[in-house]
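S.K.: Fold the following and give me the result.
(one chain, ligands or ions: 2)
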Amino acid sequence: MKVDGLVDNVLDLSHEAAIGLPKVAVTSDFHCVTTWSRLDNAWEGIQFRTIVDRARPKPEARFVTFECGDGYTTSLPLSDLLAENVLLAYSLDGKRLTAEHGGPLRLVVPQKYGYKSAKWVQRIMFTAAKELGYWEERGYSDTADPWTEDRYSR
Ligand SMILES: Nc1nc2c(c(=O)[nH]1)N[C@H]1C(S)=C(S)[C@@H](COP(=O)(O)O)O[C@H]1N2
Ligand SMILES: [Mo]
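M.R.: Numbering: from 1, shown residues only. Ligands and ions are numbered 1, 2, ... in the order given. Predicted coordinates:
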């Protein structure tokens, strides 16, 4: 997994190096924009803040784009990714995360619709301007807040 863009310290982490970073456990609910939810997911992985601390984004880095193994992309404001419960997960419900659910490493952002929780993350790129992701380009909301049912861009 590569971490680059507007950072002082580019990271190129093997899977082993990534899972060697401090581990956190977070249980959270997951809401897909098409209305299904999966509650009480016990995730384990790397708190996103740990990546931020290591990569040291430059002051102008305000957004982060995630590039995935299937060509999928999504992006979030850096400020949203600093929440305590945002992580790069490699374990779900006590088991190594399966490929179906984004293994070896996926992003988990409980406070956003599921399309922000990028699976099979390969590259984390810090940017100054927002880059629209796959679903966001196709009309889903970029803010993606499930509590206000903020599903579509307006
Ligand atoms: N790389 C990648 N990540 C992705 C997607 C995708 O198609 N590719 N789909 C998103 C959507 S719309 C949802 S709802 C969740 C589904 O996660 P799950 O398969 O673990 O239930 O993954 C998100 N992350
Ligand atoms: Mo989704």
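S.K.: so which strand or helix has Ser75?
M.R.: Using DSSP states H and E, Ser75 sits in strand 73-77.
S.K.: For whatever helix or strand comes next after that strand, the averaged confidence score.
M.R.: Remark: after strand 73-77, the chain's next helix or strand is helix 78-81, criterion DSSP H and E. Averaging pLDDT along helix 78-81 yields 98.
S.K.: partner strands of the helix or strand following helix 78-81, parallel or antiparallel?
M.R.: Downstream of helix 78-81, the first helix or strand assigned by DSSP H and E is strand 87-92. When pairing is defined by DSSP bridges, strand 87-92 lines up against strand 37-47 (antiparallel), strand 95-96 (antiparallel), strand 106-108 (antiparallel).
S.K.: how about those in CSV, adding mean pLDDT?
M.R.: Below are those laid out as CSV (pLDDT from 0 to 100):
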stretch, mean pLDDT
strand 37-47, 98
strand 95-96, 98
strand 106-108, 98
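S.K.: Next to ligand 2 in this structure, residues from the chain, please.
M.R.: 32, 114-115 (CB under 5 Å from the ion). Every C-beta, even on glycine, is put in place using the N, C-alpha and C of the backbone.
S.K.: so which of those residues comes closest to ligand 1?
M.R.: Gly114 (2.7 Å; CB to the nearest ligand atom).
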